[in-house]
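Asker: This is a predicted model, with the sequence first.
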Amino acid sequence: MHLEAEQVLKKAKRRMRRETKILLLGSGDSGKTTIMKQMRLITHSAFTYGELEAYRQLVFANLVTGMRALVECLPDVGMPIDRIPDIWAAYQEIEKAPDIKEGQPFPEEYLPHFKLLWAHPTIQRGILICRQFAIPDNVPYFYESLDRLFAPSYQPTHQDLVHVRARTTGIVETVFQIPNDLSRITLPDPNAIPIPAQSRHTRLQTKVQPAGPNHEDSNVPSMETTSRTTTAVGGDSATLEDARKALLKWQSSEMQEVRFVDVGGQKSQRRKWIHCFQDVTAILFLVALSGYDQCIIEEKTTNQMSDAMSIWGNICTMEWFKNCHFILFLNKEDLFSEKLESSPIRRYFPDYSGGSTDVEAAKDYFKRRFLRIAQKGTHQLLQECESSTRPNKTDNTFLSKRTVYPHFTTAVDISLIQRVMESVSHIILQSALQEADIL
Ligand SMILES: Nc1nc2c(ncn2[C@@H]2O[C@H](COP(=O)(O)OP(=O)(O)O)[C@@H](O)[C@H]2O)c(=O)[nH]1
Ligand SMILES: [Mg+2]
């Protein structure tokens with residue numbers, strides 16, 4: 001027994017020392033890159049000066065493209081602004097605004113135009129009515145802080161970093177050293193301005209595949225830190241139960257190396273996903289709950305939620321992932337709760353039978369739909385695997401027990417994401433223990 005316990009312990013430790021790879025999937029705008037940024041903030045993996053400067057420039061670009069997206073939707077809801085001379089003139093001006101250059105403050109001559117537009121009742125009504133179109137979610141966030149952004153000394157805060165939007169076009173991989181006990185980490189102040197990496201002597205490594213030519217397509221590089229500490233565990237565990245306890249203790253003081261892989265979610269980007277399917281430990285699938293009444297950016301006729309359900313269905317039936325854990329983030333809970341009242345779910349999902357302003361019932365409805373899709377997909381895949389000419393018994397046993405771990409999230413809220421990532425970390429720990437046959 002003594003020997004057996006030692007062997008299991010060794011096996012589990014070996015398993016845990018292997019890198020964990022988490023693949024972030026989901027349609028465009030569901031919040032994948034935001035989770036990646038939050039992980040960097042949570043693990044205090046500093047951004048470089050270049051990244052922070054790129055984000056600062058992107059905030060200005062987001063102001064322009066956000067207003068453009070809105071103004072272009074207004075004719076569709078019978079509210080064109082080209083016959084409202086003062087705001088039309090202001091819009092024409094900001095449309096001409098060139099990108100910000102390195103170190104250049106936001107040009108003050110544009111501030112009155114942005115302010116005039118944002119204060120106008122047509123724009124204010126438009127932002128509510130045009131919700132079903134893919135208007136960037138960060139428009140109110142940035143437009144409500146125009147004076148702060150146009151201050152000559154403006155630098156993005158942590159909170160600005162998670163709200164700024166850059167379309168992911170390549171595949172961005174970042175390795176984080178995550179303490180297993182995430183609750184021990186002190187979170188950065190969301191309103192503080194981050195300190196660039198150089199001043200903290202952090203070693204930087206980037207692995208980014210090509211970004212598109214458009215400014216907003218640029219991928220801001222990621223960082224890898226690679227130091228590792230290990231703690232020895234007592235070698236005289238007499239029983240399996242002792243081995244389990246010893247392992248848990250050892251594990252809670254350990255750092256876990258987790259590779260997060262972020263991919264572009266737009267339709268044109270999805271064929272690239274296959275390049276990162278190998279050796280995945282867990283799929284972290286993101287859905288924008290608030291997308292139930294919106295179209296996708298690429299097609300005005302495709303509902304965001306239905307698009308997410310169809311991708312999720314495909315992923316759940318993929319043989320590539322038969323050994324993966326499935327974590328489901330039902331994201332943008334904040335925006336979802338806000339819009340329920342003005343946009344009844346039943347208009348888009350007629351079989352929804354809960355109260356139209358009942359946030360809990362509405363959340364539960366979408367959770368159940370995604371879990372049902374997963375269950376069906378897993379069942380179908382299991383049947384295919386069992387009837388294959390060379391069925392793999394271990395894989396099929398794993399698959400038959402596959403569980404999906406759902407969470408309601410607001411990716412822009414760092415303390416909430418820290419708590420959610422704690423439970424994700426726990427899932428990975430449990431899986432290593434299970435694989436080593438301890439549990
Ligand atoms: N209010 C709010 N905005 C969010 C949330 N998650 C993401 N966003 C915003 O949605 C936009 C798209 O997010 P992003 O992470 O780039 O999506 P991706 O295309 O899946 O990588 C960004 O402007 C984010 O700040 C959320 O939970 N709440
Ligand atoms: Mg992205």
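Answerer: Great, that's in hand. Numbering: from 1, shown residues only. Ligands and ions are numbered 1, 2, ... in the order given.

Asker: Report the residue ranges of every domain in the protein.
Answerer: Segmentation of the chain into domains, based on automatic domain parsing, reads 2-48+167-435, 54-161.

Asker: SS state for S153?
Answerer: With DSSP: H, G, I helix; E, B strand; the rest coil as the basis, the three-state label of S153 is coil.

Asker: Distance of it relative to Y141?
Answerer: Distance check for S153 against Y141: by Cβ to Cβ, to the nearest Å, it reads 20 Å. Bear in mind the C-beta positions are built from the backbone N, C-alpha and C, glycine included.

Asker: What segments of the stretch 251-400 of the chain are helices?
Answerer: With DSSP state H, counting those that start in this stretch applied, the stretch 251-400 of the chain shows helices at 304-316, 333-339, 359-386, 393-400, listed in chain order.

Asker: As CSV, those helices with mean pLDDT, mean neighbour count and distance to ligand 2 would be great.
Answerer: CSV is the format used below for these (pLDDT from 0 to 100; neighbours: other Cβ atoms under 10 Å; distance: least, Cβ to the ion, whole Å):
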stretch, mean pLDDT, mean neighbour count, distance to ligand 2
helix 304-316, 95, 20, 14
helix 333-339, 95, 19, 17
helix 359-386, 95, 16, 20
helix 393-400, 81, 13, 29
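
Asker: Out of these, the one nearest N62 is which?
Answerer: Evaluated over those, closeness to N62 peaks at helix 333-339, with 16.6 Å, by Cβ to Cβ.

Asker: For K332, which non-adjacent residue is closest in space?
Answerer: For K332, ignoring the flanking residues on the chain, the nearest one in space by Cβ to Cβ, 6 or more residues apart in numbering is S290 at 4.2 Å.

Asker: so who does the residue of the stretch 151-300 of the chain at minimum distance from ligand 2 touch?
Answerer: Ranking the residues of the stretch 151-300 of the chain by distance to ligand 2 (Cβ to the ion) places T168 first, at 3.1 Å. Taking Cβ atoms under 8 Å, 6 or more residues apart in numbering, we find T168 in contact with K32, T33, N219, D262, V263, G264, G265, Q269.

Asker: wait, the second one sits on D262?
Answerer: Yes. In this structure, T33 is within contact of D262 by Cβ atoms under 8 Å, at 5.6 Å.

Asker: quick revisit: check for me that the residue of the stretch 151-300 of the chain closest to ligand 2 belongs to a strand.
Answerer: No. Going by three-state DSSP, the assignment for T168 is coil, not a strand.

Asker: From T33, how far off is it?
Answerer: Note on T168: its distance to T33, by Cβ to Cβ, is 5 Å.

Asker: And the residue of the stretch 1-150 of the chain that's closest to ligand 2?
Answerer: Taking Cβ to the ion, the stretch 1-150 of the chain has T33 as its residue nearest ligand 2, at 3.3 Å.

Asker: How about residues contacting the host helix or strand of that residue?
Answerer: Using DSSP states H and E, T33 sits in helix 32-42. Contacts with helix 32-42, where a contact means Cβ under 8 Å, 6+ apart, come from 24-26, 45-47, 158, 161-162, 166, 168, 172, 174, 176, 178, 182, 185, 187-188, 194, 222-223, 260, 262-263, 265, 284, 286, 329, 411-412, 414, 417-418, 421.

Asker: hmm, 7 Å instead?
Answerer: By Cβ atoms under 7 Å, 6 or more residues apart in numbering, the residues outside helix 32-42 that reach it are 24, 26, 47, 158, 161-162, 168, 174, 176, 185, 187-188, 260, 262, 265, 286, 411-412, 414, 417-418, 421.

Asker: That one - what's its average pLDDT?
Answerer: Per-residue pLDDT values over helix 32-42 give a mean of 92.

Asker: The helix or strand that that helix is followed by: which residues count as buried?
Answerer: The element immediately downstream of helix 32-42 (helix or strand, assigned by DSSP H and E) is helix 49-73. Neighbour-count burial for helix 49-73, counted by 16 or more other Cβ atoms under 10 Å, picks out 51-67, 69-71, 73.

Asker: where does this structure come near ligand 2, residue by residue?
Answerer: For the chain, the residues in contact with ligand 2 under the definition Cβ under 5 Å from the ion are K32, T33, T168.

Asker: what do you get if the cut-off is 8 Å, keeping everything else the same?
Answerer: Contact residues of the chain with respect to ligand 2, defined by Cβ under 8 Å from the ion, are listed as 28-29, 32-34, 36, 166-168, 262-265.

Asker: and which of those is nearest I345?
Answerer: For those, the minimum distance to I345 (Cβ to Cβ) is 19.3 Å, reached by D29.

Asker: in what helix or strand does the closest one lie?
Answerer: Assigning secondary structure by DSSP H and E places D29 outside every helix and strand.

Asker: ok, it - contacts?
Answerer: Counted by Cβ under 7 Å, 6+ apart, D29 has contacts G265, A288, I297.

Asker: likewise L187?
Answerer: With contacts taken as Cβ under 7 Å, 6+ apart, L187 has the following neighbours: I42, I414, S415, Q418.

Asker: Can you show me the strands along the stretch 151-300 of the chain?
Answerer: Counting by DSSP state E, counting those that start in this stretch, the stretch 151-300 of the chain forms strands over residues 171-179, 255-263, 282-288, 295-296, 299-303, given from the N-terminal end onward.

Asker: Can you list the low-confidence ranges for the stretch 101-250 of the chain?
Answerer: Across the stretch 101-250 of the chain, residues meeting the criterion (pLDDT under 70) sit at 180, 198-240, 243-244, 247-250.

Asker: One more pass at 80, please.
Answerer: Counting by pLDDT under 80, the low-confidence segments of the stretch 101-250 of the chain come to 131, 169-170, 178-185, 198-250.

Asker: Flag every residue of it that's near ligand 1.
Answerer: When proximity is defined by Cβ under 6 Å from any ligand atom, the stretch 101-250 of the chain lies next to ligand 1 at P136, D137, N138, V162, H163, R165, T168.

Asker: hmm, 8 Å instead?
Answerer: Within the stretch 101-250 of the chain, the positions near ligand 1 by Cβ under 8 Å from any ligand atom are P136, D137, N138, Y141, V162, H163, V164, R165, A166, R167, T168.

Asker: Quick one: neighbours of the third one, just the number.
Answerer: Close neighbours of N138, defined as other Cβ atoms under 10 Å, add up to 18.

Asker: One more: S183?
Answerer: Applying other Cβ under 10 Å, we find 8 other residues in the vicinity of S183.

Asker: same deal with K101?
Answerer: By other Cβ under 10 Å, the burial measure for K101, its neighbour count, is 8.
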